[in-house]
Structures are given as structure tokens and as C-alpha cells.
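>>> Next input, structure requested:
(2 chains)
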Amino acid sequence: MTHYRIWNWLFLISFLALLAFLPGLIPEFSLNVVITMLIYSLFAIAFNILFGQAGLLSFGHAAYFGTGAYTSILVYKHFGLSLFPGILAGGVFSVLLGVIFGVFVVRLSGMPFALLSLAFNMLIYAVAEKWRTFTGGEDGIAMQRPDLFIPGFGSIDMFPTVNFYYFVLIIVVLCIAYCWWFTKTPLGRINVCIRENEERAGFVGYNTYTTKLLVYLVCAFFCGVAGALASSFDEFVSTSMINMVKSGDILITTFVGGLGIFWGPIAGVCFLTYLNDTLSSFTKHWVLIQGAIFIAVVMYAPDGISGLLLRIKNRLFDRFKIEKG
Amino acid sequence: MENATILETIDLRKDFGSQKIINGISLSIGRGSRHAILGPNGAGKTTFFNLLSGFHKATSGEIIFKGNDITGLSPYRINRLGIARSFQITNVFPKLSVFENVRAVLMSKHKIRFNFLRNIRKWGNLEQETDAILEQIGLREKKEAQAGFLSYGEQRALEVGITIASDPEVILLDEPTAGMSIDETRQAIKLIDKVTQGKTLLIIEHDMEVVFTLADVITVIYYGTVVATGSPEEIRANQKVREAYLGDQ
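Purely as a prediction, here's the structure:
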């Protein structure tokens, strides 16, 4: 047991070390792809707190991603905030939106939950599209990302991709580390209990409504942070960050990665982003291939890529055990 | 032998549409008593429990717990006041380990509900307490096992464990030995007897042997009304009960 744990830590540390030295190893163009992977990894991990751990399937989480994205660009533009407060504002505003929507949606679960979250997503999308003076409508808003200001240290120019890469890396690693930690906390554990048996959780003394609402807000916060990072990276926000296609994408990505394992969604993000990046240079119809992969995973690997990898790993380890005698 | 009343129902009624399931049950449960509810299928025993535990809201009538009206409170509030129930159909957290099933209840008991910053392992006594409960219900060896994969008897034991873990004053057990063999039933009775010492126990049971060994008060329910309440001897001798339920001649 502890043996496995040491290997897991070693793997994690070498993976982080690789990420830390990555800018020296790959061209800037590829670094952009990695930044995208990092940001969507956070989105998918946060989404999976609800989808995998709470068992609540949301068709509308672009609402929070998009709110974070719009918020950060708008606060850069109108209040001249620096980078970090802008990202934080994205998360905070997503939480505020989460309170408004959450008090209604967490009363539900299953299909009604999915549909109501979709409805709320459409509502917020309509706001982003129609409130042209504020959001720029379909044209969106472009805004250069500001410098990172660290009190007592000064400003760091965020224009070079490498600098922004390190900023994203630190924020994403910290956020994902917390999401992992969250699964070990009382709220994280109760979240899983409620997924398993909401009725019984009530009968042993949990207010399942409040619990689900809190979990919903934790999820909204990190979705918002991911959105804020995404729009800061693109230096642009438009309705494509808040529409239903985005909601569908994150659902597919998380599912393809595998929702049963904490790290699963990251596998989905890396795989599909890489595929998207490679295939889109060959054909315009790469979405077709993405769709085919989704169908294949749903039908033949319901545990996703991570489940598949885990199964292969277990089989290999078993074989080694046998060979050692 | 007659103790102070801890739980009381006053003319409790429950209708589902035009169907009157509970037709005015007035019952007082003495503190520390072992009270069995007896009655044929469909008599309204489980519905009565559902009212007491807050799963259903009563159509009319009152439920008084330690002098306070608890009618219409939600299940989690009633549980926090000190009334815990088990279920006839095993109702655990199937994909979690046995250990986690019980620990979840203890977290609730210690009001560790919404903390999202500290690792659960930091509450050191939680693990010891969980182990103690598992020891009591004989599942210590199986603590890492997934609850859904336990044998039927073990799941029933876990069901009891989850119910008693919050250290309630009143324990409602809904047919804890349903579907068990004679041997399993005897073991289950021993377990229930052991873990409910000093508590008020309200138990629904079909098995006569169980009822007459475990209970000191028996209430017979028939079509949502109380036919008789009394000591096992009185119930055995009661002519109305014999006709309605015990199937004498």
C-alpha cells in the first residue's frame, strides 16, 4: 500500500518537474497548446467534483466558465485590475452566480438537474449575447492581459508566453491540489455519501440541500477561475466561452477522461486537446472524430481513458508479481 | 417498570389520497423501554416509522419527543434531536467502504459537516470511534470492504451500525431480521440486544420469537389503528390480538 503511494508521489513530482522545465524543451507554439491543456484541466477537474463525485450531471457549466472569462476581461478593462485580482474576481463572480442558480438547481438531481442547469446556461448566454454595450455581444471584447503585480516585488510582464505559462501553471497546480485535498475533507466525503444515497444521508443527520449547495459553489469557483485564465490567455472573450457548446465540450472531455478517478479528466483534456490540435491541421471535420471517440468511450470504456490505463497498469503489475514468484 | 415518556404520538393520521393508512395512532413510548410494533403486512407499521422519522408528513396529529412537538420536521433535524432509524430494505452507502459508512454517521454526530479545509484524518478520535462501532457490529475485519459487496447478513449488521452510530436516544429498527435464516436471526437479535442497551428501542418485527425475546412492551397495529398495547404476556393472552394476528384457531 505504502509502496504504491511512494511511486505515485514520485510520478507526480517528476510530472511537475517536467512541466516546470517544459518551456526550455518545446517551441512556443507547443507551449500554447500546453497552456490550453492546463486551463481546461482545471475546468474539467472542477466540473468533475459535481459530475463524478456528487453524481450531478450538469449541461450548463459553461455558465460559470464564461462568467469567469467575462468578469476578468471586464475588470481589466473597466477597473484596470492587475492579473491576479482579475482571475480571483472571475472565481468570485462565478460563485455569486452559483448562489443565484444553485439555490434552485441543487433541489433537484438526475435529469431535472441536468435540464435546469442547461436552462440557466441558456439564460446567461442570452444575457452575454444581447447586452451588447457591456459584453460586446457576438463580437466579444478584446483586452490585453495586464501585468502580474506582486506587492513588495513589483510587476512582471505577462506578455511573453513563457511568463504567462508559469503563472497559469502555478494557479492551476494550486487549484487542482486543493480540489484533490477537497476530496479528503469532511465536505468532500459527505459529497460522495450524498451521491451514494441522498436519502440515508438525510436520515443520519445531514442537511443534504446545504451540502449540495456548498459543493456546487466550490465547483463554480474553480470553473470561474479556469474561465478567467482562458480569457486572459486569449486576451479576448466572446459568447463562445459561455455557450452550450462549451458545456457539452467539458462534459465530453470529462467523460472521455473518466470520472471515477480524480486525475481522469486531465487525461481526457490532454488527449482531446492534442487530437484537436493535430487533426485540425489535417481536416476541418475533426469534430466528427471527436464524436466518434466519445461514442466509443461511452459504449466500450465507461470508465474513460483513465479507467482503461488503470486496468492496463493493474494487469501489468499483476504479471510482474507472478513473474517474481 | 413504567418510565417517563420519551416519545409520544397523539391521534396520528396519514392518508395517501383516499387511502387512510394510519388512522389515529396514540402511543407513548417509555424512556428505556423495548417496544415492539407487531402487525400483519400492510397494517401501517413502516408508514408509522416514516412519520416518526420525518420521511412522511403526517396528515394530522402530533409527535412529541421529550416534550417538544417534532411533527413535520425533516429527517435530518429529527436525527439530530436523537431519533435514528434503520430501514427494512438495506439502505447503506453501497460504493463506499464499511469504514466510511460508519464514519459518515460519526462526522454528523460530531457536527463535522461543512468543513472543506481540513483533512478528515485530523479528527483523530473519529477513527477510533468508528472502529469501536465496527467492533460492536462484528465488521471490524471487513472495514475496507465495499458495503455493497457484503453478504446480506453483514449488510443488515451495517444497517444497524449506521443507525446506532450517532448515539441516538431513540432507535427505530424496521424489521432488522427480514429475510434472515433462523441462525442469522438469532445472531442479529443478540447484536441488537447488545448495541441498544440503555436506549429506547422501537422495533417492527414479524418474527414472534424475536418479539417475545426482545421486547418488554408490544403494540399490535391493525389497519392503521392500535389493537392492543401491553407486556408480552398480556398480548399473548389478549383475545382480540389472537383473532386479528396471532392466528389462533
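
>>> From here on, just use CA atoms for contacts and neighbour counts.
Noted.

>>> Against B:Arg140, how distant is the residue of the stretch 151-300 of chain A found nearest chain B?
The minimum distance from the stretch 151-300 of chain A to chain B, using CA to the nearest CA, falls at A:Gly205 (4.1 Å). Separation of A:Gly205 from B:Arg140 (CA to CA, to the nearest Å): 24 Å.

>>> Can you pick out the residue with more neighbours from those two?
Between A:Gly205 and B:Arg140, counted using other CA atoms under 10 Å in any protein chain shown, A:Gly205 has the larger neighbour count: 28 against 16.

>>> Report the secondary structure state of that one.
coil (DSSP: H, G, I helix; E, B strand; the rest coil).

>>> Next, give phi and psi for it.
The phi/psi pair for A:Gly205 (degrees, to the nearest 10) reads phi 110, psi 10.

>>> For it, which non-adjacent residue is spatially closest?
B:Tyr76 (4.1 Å; CA to CA, 6 or more residues apart in numbering or on different chains).

>>> how about the helix or strand hosting A:Ile6: buried residues?
Using DSSP states H and E, A:Ile6 sits within helix A:2-25. For helix A:2-25, burial by neighbour count (16 or more other CA atoms under 10 Å in any protein chain shown) applies to A:Leu22, A:Pro23.

>>> From the contact counts, what lies against it?
helix A:161-182 (3 or more CA pairs under 8 Å, 6 or more residues apart in numbering or on different chains; DSSP states H and E).

>>> got the angle for the helix it packs on vs helix A:2-25?
Helix A:161-182 and helix A:2-25 are oriented at 160 degrees to each other (axes from the mean of the first three to the mean of the last three CA atoms, to 10 degrees).

>>> Give the buried residues for stretch B:197-216.
Buried, per 16+ other CA under 10 Å, within stretch B:197-216: B:199-206, B:210-212, B:214-216.

>>> and chain B, which residues reach chain A?
B:53, B:75-80, B:84-85, B:91-96, B:104-105, B:107-109, B:112-120, B:162-163, B:166 (CA under 8 Å from any CA of the partner chain).

>>> Of the residues you listed, which count as buried by neighbour count?
For the residues of chain B next to chain A, a burial check counting by 16+ other CA under 10 Å picks out B:53, B:75-80, B:84-85, B:91-96, B:104-105, B:107-109, B:112-114, B:116, B:119-120, B:162-163, B:166.

>>> End to end on stretch A:154-165, go ahead and measure it.
By CA to CA, the extent of stretch A:154-165 from end to end equals 19 Å.

>>> what residues does that stretch touch?
A:Pro23, A:Glu28, A:Leu31, A:Asn32, A:Ile35, A:Arg145, A:Pro146, A:Asp147, A:Leu148, A:Phe149, A:Ile150, A:Phe233 (CA atoms under 8 Å, 6 or more residues apart in numbering or on different chains).

>>> List the ones among these that fall in strands.
A:Leu148, A:Phe149, A:Ile150 (DSSP state E).

>>> any idea how far the residue of the stretch 151-300 of chain A closest to chain B is from B:Leu81?
9 Å.

>>> Please apply the same query to B:Leu73.
From B:Leu73 to B:Leu81 the distance is 10 Å (CA to CA).

>>> related to what we said a few turns ago, quick one: which of the ones in strands among the contacts of stretch A:154-165 is nearest chain B?
A:Ile150 (25.4 Å).

>>> Look up the closest residue to that closest one, ignoring the ones flanking it.
Nearest one to A:Ile150, counting by CA to CA, 6+ apart, is A:Ile156 at 7.9 Å.

>>> give me the beta-bridge partners of the one you found?
For A:Ile156, the beta-bridge partners are A:Leu148 (DSSP bridges).

>>> Counting neighbours, which of the contacts of stretch A:154-165 comes out on top?
Ranked by neighbour count (other CA under 10 Å), the contacts of stretch A:154-165 have A:Arg145 at the top, with 25 neighbours.

>>> Let me know whether that one touches A:Leu83 as I believe.
Yes - with contacts counted by CA atoms under 8 Å, A:Arg145 reaches A:Leu83, the gap being 6.9 Å.

>>> Mind listing the shared neighbours of these two?
The overlap between the contact sets of A:Arg145 and A:Leu83 (CA under 8 Å, 6+ apart) consists of A:Tyr76.

>>> Give me the subset of the residues of chain B next to chain A that lies in helices.
Counting by DSSP state H, the part of those found in helices is B:75-80, B:104-105, B:107-109, B:162-163.

>>> Helix or strand: which one has the residue most central in space within chain A?
Ranked by distance to the mean C-alpha position of chain A (CA atoms, centre = their mean), the top residue is A:Phe43 at 0.9 Å. Assigned by DSSP H and E, A:Phe43 falls within helix A:28-48.

>>> Tell me which other helices or strands that helix touches.
Looks like helix A:28-48 contacts helix A:161-182, helix A:208-234, helix A:244-257, helix A:264-279 (3+ CA pairs under 8 Å, 6+ apart).

>>> May I see the buried residues of it?
In helix A:28-48, counting by 16+ other CA under 10 Å, buried: A:31-32, A:34-48.

>>> before we move on, what about stretch A:166-181?
Going by 16+ other CA under 10 Å, stretch A:166-181 has these buried residues: A:Tyr166, A:Phe167, A:Val168, A:Leu169, A:Ile171, A:Val172, A:Val173, A:Cys175, A:Ile176, A:Cys179, A:Trp180.
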